[in-house]
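Participant: Provided below for reference: sequence and predicted model.
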Amino acid sequence: MKKSVDGKKGINITETEKKIKIAGWILVYSNLAAVLIGGKIKLFLLAAILLATYAMYLRFYPYMYFDTISKKVQGLVFQLPFIGAGIALVLCLSSLNLYECSFADYTKIAVGITMVLVIPYFIKSSKTKAPQRLVRKISVVFAVFVLSFGITFPVNYLLTFEKPIHETIKITDKELSTSGKELDYYLYGSWKGEEERFSVSRSVYGRTSIGDIQKICIKHSILGLEYYTVHE
């Protein structure tokens, strides 16, 4: 039986739900492809997964939810396939662990991306006849900010076209930090007159000794973010 969504007739609810589930699994396996490919393509795919999930949400708004159990009485309800987006978000944030940057600058860019991404939501919301609670609107904006925060590093990395600048530092200390079940690796060195901590990979950490001279690789994106890391 066919029902209408947002006043549009001829949409097969059962068929649409199947397509959404298929799209959800495609997004999940796209994360695996991103990890296997690596590099810039990995970051591009991760950002694309998050944006595709958001686009799907907008397509079926206001009938798509994270939680559909309490909304079944409304009849026209779709489950947002958030698993793929959740994995992509974690992978995006973990990619940032290999670089250091100003948290304030990073957040400013994330807010800017949020302001751009909420525009289509507000347009969709203004054209929707179904009742919309203020709490839901606020939660959507917050979710968009979380999405934007996640894709900020991939976007800046992909929009970095200048050649990196290299400076040298003398390593003064090393540190292992436990974060949940994972280990974070840090090197310390004097840079720009201050003692700085640098997040590095396990291999760089293992090959570096206190007193070694290492290079700082500094990159700048066209959005203004400066991010850097230590490598041999």
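Facilitator: The structure has been received and is ready for your questions. Numbers count the residues shown, from 1 in each chain.

Participant: Where does the record place the domain boundaries for the chain?
Facilitator: Split into domains by automatic domain parsing, the chain comes to 3-158, 165-231.

Participant: Pipe those domains into a markdown table and attach mean pLDDT and mean neighbour count per row.
Facilitator: Glycine gets a C-beta too; all of them are placed from N, C-alpha and C. Shown next, in a markdown table, are these (pLDDT from 0 to 100; neighbours: other C-beta atoms under 10 Å):
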| stretch | mean pLDDT | mean neighbour count |
| --- | --- | --- |
| domain 3-158 | 88 | 16 |
| domain 165-231 | 87 | 14 |
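
Participant: longest single strand anywhere in the chain?
Facilitator: When the chain is parsed with DSSP state E, its longest strand is strand 165-179.

Participant: Would you mind pulling the contact partners of that one?
Facilitator: Identification of contacts with strand 165-179 by C-beta atoms under 8 Å, 6 or more residues apart in numbering yields 183-191, 195-197, 205, 208-219, 230.

Participant: Centre of the chain to that strand, how far?
Facilitator: Distance, stretch centre to chain centre, for strand 165-179: 26 Å (C-alpha atoms, centre = their mean, to the nearest Å).

Participant: As CSV, could you dump the C-alpha coordinates of the helix or strand that it is followed by?
Facilitator: For strand 165-179, the following helix or strand on the C-terminal side (DSSP states H and E) is strand 182-191. Only the C-alpha atoms of strand 182-191 are listed here, as CSV (Å, rounded to 0.1, in the frame of the first residue of the first chain):
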residue,chain,number,x,y,z
GLU,A,182,44.3,2.7,23.3
LEU,A,183,47.7,4.2,23.8
ASP,A,184,48.5,7.8,22.8
TYR,A,185,52.1,8.6,22.0
TYR,A,186,53.6,12.1,22.7
LEU,A,187,56.9,13.7,22.2
TYR,A,188,58.0,17.0,24.0
GLY,A,189,60.3,19.6,22.6
SER,A,190,61.0,23.3,22.8
TRP,A,191,59.3,25.2,20.0
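
Participant: Partner strands of strand 182-191, with direction?
Facilitator: Strand pairing for strand 182-191, using DSSP bridges, gives strand 165-179 (antiparallel), strand 194-200 (antiparallel).

Participant: which residues are in contact with that strand?
Facilitator: 97, 167, 169-178, 195-202, 204-205, 208, 214, 216, 230.

Participant: and if you look at stretch 108-120?
Facilitator: 54, 58, 140-141, 144-145, 147-149, 151-152, 155-156, 223-225.

Participant: Out of those, which sit inside helices?
Facilitator: 54, 58, 140-141, 144-145, 147-149, 151-152, 155-156 (DSSP state H).

Participant: how about the residues you listed in a markdown table, adding distance to V28?
Facilitator: Listed next are the ones in helices among the contacts of stretch 108-120 as a markdown table, based on distance: C-beta to C-beta, whole Å:
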| residue | distance to V28 |
| --- | --- |
| Y54 | 16 |
| L58 | 20 |
| V140 | 23 |
| V141 | 26 |
| V144 | 21 |
| F145 | 23 |
| L147 | 17 |
| S148 | 22 |
| F149 | 21 |
| I151 | 18 |
| T152 | 23 |
| V155 | 22 |
| N156 | 25 |
